[in-house]
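1. Output the structure for:
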Amino acid sequence: MAKPPAVAESRVRVQRDSWHTLRRFTSARIGLGRAGGSIPTRELLEFQLAHAQARDAVHRSLDIGAFSETLRARQIDSLALASAAGDRHTFIHRPDLGRILDEKSKRLLQAGAGAQSWDVVFVIADGLSALAVERHALPVIEMTRAHLTREGLRIAPYCLVSQGRVAIGDEIGALLPAQLSVVLIGERPGLSSPDSLGAYLTWNPLPGRSNAERNCVSNIRPEGLNYAAAAFKLLHLMRQARARKLSGIALKEDAALPAPVELLKLFPEADNT
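-> Below you'll find the predicted structure:
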């Protein structure tokens, strides 16, 4: 049988953008180059992987039991709560239900309401990325707790909330009651950060508070704002909120971030993270 004529291979070379060197300064998708009339195959596959990771992060639920055990091992009291969303599908489609507690959780907090008032309550909620909470919440908890304990603050049991959004900290803070609520929550995943943690601070938490009445420390993760820097910013905001009895747009985060060596002195545990 005669062999078919040989077909010459044609290779399409990747053409780099003239400014691709800027990629070393950011994880954003810039300077991807071209391969013929499209982006290079490698960049396309990495984009599809990042999109899949972001979707997985949104649909993943936080293992409240496992996180509670982790806190218990560190002698940190916690309460397991849930929003009115009930399940992940409802949480995604009904944001309003993720902002309020279910009836069982309300009764649990109401049963102990008034027995003691608290200076601060930390709320840990899955939000839109349980992965962020699992990876980054504990270091922030440990670094801030050590300083707050030394300052004599009364810290309420940590409230672990499944299917929770930021505003659920208002209802929890009001029911306990607590002067200040700090919500550690998984932020909306991006195509370069499926595990970004946010910390939202509200003075005098009450249902109906607007986002303008909160302060936020965002993008907490090793590739973004590292744990020590996040703890420094959060502690500064908490001290200012307590001193001035306010939070939100009236409270500016104006503390200069110390040099890494000075941060390590303030948070020596950061050397192990």
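2. residue contacts, the closest residue to residue 142 other than its chain neighbours?
-> Distances taken as Cβ to Cβ, 6 or more residues apart in numbering place residue 269 nearest to residue 142, at 6.2 Å, with adjacent residues excluded. Quick note: C-beta positions are derived from backbone N, CA and C, even for glycine. Going by Cβ atoms under 8 Å, 6 or more residues apart in numbering, residue 269 touches 139, 142, 143, 146.
3. quick one: secondary structure of residue 269?
-> Assigned by DSSP: H, G, I helix; E, B strand; the rest coil, the conformation of residue 269 is helix.
4. pLDDT score for it?
-> What the model reports for residue 269 is a pLDDT of 83.
5. do you know how far it is from residue 32?
-> Taking Cβ to Cβ, to the nearest Å as the measure, residue 269 falls 39 Å from residue 32.
6. rewinding a little: just the buried ones among the contacts of residue 269, please.
-> By neighbour count, with 16 or more other Cβ atoms under 10 Å, these hold 139, 142, 143 as buried.
7. So which of these sit within helices?
-> The helices, defined by DSSP state H, take in 139, 142, 143 from those.
8. Tell me who's in contact with the nearest residue to residue 27 once chain neighbours are set aside.
-> In this structure, residue 27 finds its nearest non-sequential neighbour in residue 192, 4.2 Å apart by Cβ to Cβ, 6+ apart. By Cβ under 8 Å, 6+ apart, the residues touching residue 192 are 27, 28, 29, 50.
9. Tally up the residues packed near the second one, please.
-> Right, residue 28. Neighbourhood size, residue 28 [other Cβ atoms under 10 Å]: 11.
10. can you pull the contacts of the residue minimising distance to the centre of the chain?
-> Centroid-nearest residue in the chain: residue 197, 1.8 Å away (criterion: Cα atoms, centre = their mean). Applying Cβ under 8 Å, 6+ apart to residue 197 gives the contacts 129, 132-133, 135-137, 140, 184-187, 219-221.
11. Check residue 149 too.
-> Counted by Cβ under 8 Å, 6+ apart, residue 149 has contacts residue 155.
12. quick one: buried residues of whichever strand or helix holds it?
-> For residue 149, the host element (DSSP states H and E) is helix 130-150. Counting neighbours by 16+ other Cβ under 10 Å, one finds that the buried residues in helix 130-150 are 130-145, 147-148.
13. Can you report phi and psi for the residue nearest to residue 27?
-> With angles defined as degrees, to the nearest 10, residue 192 sits at phi -130, psi 0.
14. What pLDDT is listed against it?
-> pLDDT, residue 192: 82.
15. do you know how far it is from residue 39?
-> Taken as Cβ to Cβ, the span from residue 192 to residue 39 is 16 Å.
16. now swap in residue 81 and tell me
-> Distance of residue 81 to residue 39, given as Cβ to Cβ: 45 Å.
17. Looking at these two, which has the bigger crowd around it?
-> Neighbour tally, residue 81 and residue 39, criterion other Cβ under 10 Å: the higher count belongs to residue 81, 25 against 16.
18. what residues are up against the nearest residue to the more buried one once chain neighbours are set aside?
-> In space, residue 81 comes closest to residue 105 once its chain neighbours are excluded; the distance is 4.0 Å by Cβ to Cβ, 6+ apart. If you count contacts by Cβ under 8 Å, 6+ apart, residue 105 has them with 81, 82, 83, 161.
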